[in-house]
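In: okay, sequence plus prediction incoming.
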Amino acid sequence: MFKYKKITVLLAAAAVAGMSASAGALADTTLKMAYPLQNFSHFGIAAQSFQDTVEGQGTGYHIKQYQNVTAFDGKAIVQAVQDGDIDLAVVPADYVRQLVPQVGVFGLPYMFASLDQARKALDGQFGQGVLADLGGHNVVPLAWGEQGFTQISNNERPIRVPADAKGLKIRAVDNPDQVLALKTIGVDAVQMAWPQAVGAMRDGVINGQENTYANMMATRVWKEQKYVSETNMFYEPAVFLMSPKAYNAMSASDQQFFKQTAVKARNDMRDFISKIALADGTATLENQGMAVNKVDRDAFVKAVEPAYEQYNKAYGQDVINSLRNTR
């Protein structure tokens, strides 16, 4: 696992004015890029795309990847970026929700009906404004990323309507909005770090977990679970971050190049998620022996609607309605 210690980033002392990004670094410079999960995950796909673009353009910059950083302790990754111990990171957007609470609005239950709608919301004026707001918290936001929609897995039974989920102990991430939604439909939501959740599922302490297909595949959830129900309840963005220390040492042209590189990596990440959502996720889990089923979406939307009384107060009903109506 990546060990956090103070690292001095050796960047070029100067850049020739007016040069393109491909000539921005006067000497080879290695930047450290961290992410949760393994290099074959959606985070690894994004990091590799970023590295290939940077190194393929002969910029003088090199990217060293650190996978599976901090065993899912997201706040530690963000803190390391803020401190300059890590130069770049691609992480779940939940990891920066404590910096800008409005990040949470994108992950409310059934906020979006499709990946296309969610992407348009993030790429639109409001979404880009929230992204920019992160820049006021000692990180440089480069672009949104993506994890996809969440599903529920468990060891007890298929879930087709909310009543099927009632009473199940389901591991939830550290997100009060999502915990509220799960409890509203009758789930006994248990907040738990992933390493502990694996053992808890194996031992029957909890019945299941709620996660995206991409995360389920990366963590090989079929080792612990029997059923997957395609609830598509929460959309999970990700975000590309850069340390101000590394960013401010770059020329303006290099800074722009790195932002463009993040957008390309985001697009590659989205392509990967689209492929999983369309077929690969279901096929992979079924090939590993899991039973995958559809749910009555309308029934779930209706069941979770009472939670919106609290969400409207937290985020503003106009904001929520505007995002829900993104076209």
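Out: Looks like it arrived, so ask away. These figures come from a predicted structure and were not determined experimentally.

In: which positions in stretch 46-57 come out as buried?
Out: Across stretch 46-57, burial judged by 16 or more other Cβ atoms under 10 Å covers 46, 47, 48, 49, 50, 51, 53, 54, 57. To be clear about C-beta, it is placed using only N, CA and C from the backbone, and glycine gets the same treatment.

In: could those be laid out in JSON lines, adding secondary structure and distance to residue 68?
Out: JSON lines is the format used below for the buried residues of stretch 46-57 (DSSP: H, G, I helix; E, B strand; the rest coil; distance: Cβ to Cβ, whole Å):
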{"residue": "46", "secondary structure": "helix", "distance to residue 68": "14"}
{"residue": "47", "secondary structure": "helix", "distance to residue 68": "12"}
{"residue": "48", "secondary structure": "helix", "distance to residue 68": "14"}
{"residue": "49", "secondary structure": "helix", "distance to residue 68": "18"}
{"residue": "50", "secondary structure": "helix", "distance to residue 68": "17"}
{"residue": "51", "secondary structure": "helix", "distance to residue 68": "16"}
{"residue": "53", "secondary structure": "helix", "distance to residue 68": "22"}
{"residue": "54", "secondary structure": "helix", "distance to residue 68": "21"}
{"residue": "57", "secondary structure": "coil", "distance to residue 68": "27"}
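
In: including pLDDT, could those residues go into JSON lines?
Out: Converted to JSON lines, those look like this (pLDDT from 0 to 100):
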{"residue": "46", "pLDDT": "98"}
{"residue": "47", "pLDDT": "98"}
{"residue": "48", "pLDDT": "98"}
{"residue": "49", "pLDDT": "98"}
{"residue": "50", "pLDDT": "98"}
{"residue": "51", "pLDDT": "98"}
{"residue": "53", "pLDDT": "98"}
{"residue": "54", "pLDDT": "97"}
{"residue": "57", "pLDDT": "90"}
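
In: among those, which two are most distant?
Out: Longest distance between any two of the buried residues of stretch 46-57 is 17.4 Å, between 46 and 57; criterion Cβ to Cβ.

In: of the buried residues of stretch 46-57, which is the nearest to residue 146?
Out: Of the buried residues of stretch 46-57, the one sitting nearest to residue 146 (Cβ to Cβ) turns out to be residue 46, at 8.8 Å.

In: check the gap between that closest one and residue 40 for me.
Out: Separation of residue 46 from residue 40 (Cβ to Cβ, to the nearest Å) stands at 12 Å.

In: please apply the same query to residue 181.
Out: Residue 181 is 30 Å from residue 40, by Cβ to Cβ.

In: over to residue 116?
Out: Applying Cβ to Cβ, the value for residue 116 to residue 40 is 26 Å.

In: make sure residue 300 is indeed in a strand.
Out: No. Counting by DSSP: H, G, I helix; E, B strand; the rest coil, residue 300 is not part of a strand but helix.

In: re the thing from before, mutual contacts of residue 46 and residue 40, please.
Out: With contacts defined as Cβ atoms under 8 Å, 6 or more residues apart in numbering, no residue is shared by residue 46 and residue 40.

In: could you pull out the helices for the stretch 51-200 of the chain?
Out: Assigned by DSSP state H, counting those that start in this stretch, the stretch 51-200 of the chain shows helices spanning 74-83, 115-123, 125-133, 162-165, 176-184, 194-203.

In: quick one, which of the ones you listed gets closest to residue 209.
Out: Of all those, helix 194-203 sits nearest to residue 209, with 5.8 Å by Cβ to Cβ.

In: using CSV, write out every CA atom in that closest one.
Out: Provided in CSV are the C-alpha atoms of helix 194-203 (Å, rounded to 0.1, in the frame of the first residue of the first chain):
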residue,chain,number,x,y,z
TRP,A,194,-15.3,-2.3,2.7
PRO,A,195,-12.5,-4.5,4.3
GLN,A,196,-14.8,-5.1,7.3
ALA,A,197,-17.8,-5.6,5.0
VAL,A,198,-16.2,-8.6,3.2
GLY,A,199,-15.8,-10.5,6.5
ALA,A,200,-19.2,-9.5,7.7
MET,A,201,-20.9,-10.8,4.5
ARG,A,202,-18.9,-14.0,4.8
ASP,A,203,-19.9,-14.5,8.4
